[in-house]
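In: starting from these lines, generate the structure:
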Amino acid sequence: MEPLNVGIFGFGCVGQGFYEILSRRNDPTIKVSKIVVKTPGKKRPVDEELVTLNPKDILDDPSINLVIEVTDDCEAAFEIVSEAMSKGKHIVSANKKMIAEKMDDLVELQEKHGVLMFYESAVAACIPVLLTVGTFYSGEKIKSFSGILNGSSNYILSKIKNDGLSYEAALKEAQDKGFAESDPTMDVGGFDAKFKLLIMLYHVYGIAVKPREVLNIGIDKISKTDIEFAASRGFSIKHLASASINNEVVSAVVSPAFVPKDLEHYSVEYEFNSILLDGEYTGKHFKYGRGAGSLPTGLAVYSDVKLIQSGFKLQETAYQDVNFENSYEIDICLSSSESVESFHSDFTEIYSTSSFENRNYLFGKISSDRLSLLSKEDVSIIVLDELNHILDSETIVTEGGSTI
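Out: The predicted structure follows:
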């Protein structure tokens, strides 16, 4: 195996997790030479001689042949990765936003400079979904996939459902435990999960989709009553990132969804992540594991480093000439404390209405283009169509709307 001399950009949760695993492994073929940080004088579990504030100490060092980029700055990360690749350095990154937004550029840079780039940790931490897609499923056509890809949102929904907390109390607990940031918009707004979904779209279907093209609905409008309503009918509300292909056209969405007990995502709780793949030949394949945390994510980084060291390359998708559709009909449940009659004109088809405690529910089909117009303070949207493989529309409600 090729000896690797490593430079690390960023030494927070992920960077420290990787360094701890490397230290435990005592791998003589991988050496960390420099670690670039932003804040001087901070106490870190590493020899201070390795720490620098100057990116050039890594980028201009010809002996460093692999860069681990685990910062939280999209634009700065892309500049780092671009320059490192231009100098023949391989890349391992956990920066999901940078990868999702710059996928086309990153692929071009790898080909131009003959380097490798891996980013398993950017999708579902220690769940090796990209490795699975790029090896075992390399000759398989995946008809659809769905995933719980954001541990913060899943933690909040679990605390509301299982412990009876309000959304606000559950969010605060998630922040106190480090699962959610002080500004939780990226997590609860569905942006983090969308970036991860975009990375999967490239590896599953071979398409580089821009973030603006995928609809993301967060959990920030989901009420405790919504979750109780779902539970009273045997369902759980999960925040899913989902995609499917039909006649070589891909559709995708990130949204809260009604999940029945017989769907594997139902039992995934708290900060755990899950991925469900449905292949043409192999059927369903379910993966479950920790979606956050220093060591689980650090292990994914370490595994990518070892893959690069071996010269391994992921295989291309089995799909070719696939298109992406960002406007489509979708089945949803709209929830509001006000009358839902005023929303009837937004729907192309109404299935039924129902009520539970202080909330009113409208089940129907709507164009995805209209969903953003329904974003009001008291309105929550829950997806339940075939795109997510959740429910058949015929089983959404009984006549009269009394049950799902």
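In: checking residue 138 next. Helix, strand or coil?
Out: Three-state assignment for residue 138 (DSSP: H, G, I helix; E, B strand; the rest coil): coil.
In: wait, it sits on residue 313?
Out: No - using Cβ atoms under 8 Å, residue 138 makes no contact with residue 313, being 10.6 Å away. Heads up, the C-betas are built off the backbone N, CA and C, glycines and all.
In: with adjacent residues omitted, what lies nearest to residue 376?
Out: Residue nearest to residue 376 in three dimensions, not counting chain neighbours: residue 336, with 7.8 Å by Cβ to Cβ, 6 or more residues apart in numbering.
In: state the distance from the one you found to residue 303.
Out: 46 Å (Cβ to Cβ, to the nearest Å).
In: compare these two (neighbour count), which wins?
Out: residue 336 (20 against 17; other Cβ atoms under 10 Å).
In: burial of residue 281, as a residue count?
Out: 9.
In: who's in contact with it?
Out: 140-141 (Cβ atoms under 8 Å, 6 or more residues apart in numbering).
In: redo that, cut-off 10 Å
Out: 137, 139-141, 318 (Cβ atoms under 10 Å, 6 or more residues apart in numbering).
In: with residue 288 instead?
Out: Residue 288 neighbours (Cβ under 10 Å, 6+ apart): 124, 127, 148, 264-265, 267-268, 272-276.
In: circling back: out of the contacts of residue 281, flag the one nearest to residue 289.
Out: residue 137 (17.8 Å; Cβ to Cβ).
In: phi, psi for the residue nearest to that closest one when sequence neighbours are not counted please.
Out: Excluding the flanking residues, the one nearest residue 137 by Cβ to Cβ, 6+ apart is residue 279, at 6.3 Å. When quoted as degrees, to the nearest 10, the phi and psi of residue 279 stand at phi -100, psi 150.
In: residue 279 is in contact with residue 136, isn't it?
Out: Yes - between residue 279 and residue 136 there is a contact under Cβ atoms under 10 Å: 9.4 Å.
In: how many residues are close by residue 282?
Out: Residue 282, neighbours per other Cβ under 10 Å, totals 13.
In: residue 245 versus that one, what's the distance?
Out: 15 Å.
In: which residues touch residue 347?
Out: Applying Cβ under 10 Å, 6+ apart to residue 347 gives the contacts 332, 334, 340, 362-367, 370.
In: now do 6 Å
Out: Listed by Cβ atoms under 6 Å, 6 or more residues apart in numbering, the contact set of residue 347 reads 364, 366.
In: now it: how far from residue 332?
Out: Using Cβ to Cβ, we find residue 347 at a distance of 9 Å from residue 332.
In: one more: residue 369?
Out: Here residue 369 is placed at a distance of 13 Å from residue 332 (Cβ to Cβ).
In: cool, and residue 25?
Out: Where residue 332 is concerned, residue 25 sits at a distance of 48 Å (Cβ to Cβ).
In: neighbour count for the two, which is higher?
Out: residue 332 (27 against 11).
In: in a strand, residue 318, correct?
Out: No - assigned with three-state DSSP, residue 318 falls outside any strand and is coil.
In: tell me the phi and psi of the residue nearest to it when sequence neighbours are not counted?
Out: Using Cβ to Cβ, 6+ apart and skipping residues adjacent in sequence, the residue nearest residue 318 is residue 141, 5.0 Å away. Main-chain dihedrals, residue 141, degrees, to the nearest 10: phi -100, psi 110.
In: residue 141 touches residue 277, doesn't it?
Out: No - taking contacts as Cβ atoms under 6 Å, residue 141 lies outside contact range of residue 277: 10.9 Å.
In: more neighbours: which of those two?
Out: Just comparing residue 141 and residue 277: by other Cβ under 10 Å the higher neighbour count belongs to residue 277, 24 against 15.
In: just the pLDDT at the more buried one, thanks.
Out: At residue 277, the predicted lDDT confidence score is 96.
In: can you tell me which residues contact the residue nearest to residue 376?
Out: 360, 378-379.
In: ok, residue 118 next?
Out: So residue 118 contacts 92, 304, 307 (Cβ under 6 Å, 6+ apart).
In: quick one on the thing from earlier: most neighbours, which of the contacts of residue 281?
Out: Going by other Cβ under 10 Å, residue 137 tops the contacts of residue 281 with 22 neighbours.
In: how about that one, phi and psi?
Out: phi -100, psi 20.
In: list the contacts of the helix or strand where residue 32 lies.
Out: Counting by DSSP states H and E, the element that carries residue 32 is strand 30-36. Contacting residues not belonging to strand 30-36 are listed as 4-9, 11, 50-52, 55, 57-58, 64 [Cβ under 6 Å, 6+ apart].
In: among those residues, who's most crowded?
Out: residue 8 (29 neighbours).
In: mind checking the SS state of that one?
Out: strand.
In: gap between it and residue 41?
Out: In terms of Cβ to Cβ, residue 8 sits 18 Å off from residue 41.
In: so where do the helices sit in this structure?
Out: 13-25, 56-59, 74-86, 96-101, 103-113, 121-124, 129-133, 151-163, 167-176, 185-188, 191-205, 224-232, 294-310, 368-371 (DSSP state H).
In: measure residue 147 to residue 286 for me?
Out: On the measure of Cβ to Cβ, residue 147 and residue 286 end up 10 Å apart.
In: let me fix that, I meant to ask about residue 62.
Out: Taking Cβ to Cβ, one finds residue 62 at 45 Å from residue 286.
In: so what's residue 138 closest to, chain neighbours aside?
Out: Closest to residue 138 by Cβ to Cβ, 6+ apart is residue 315, at 3.4 Å.
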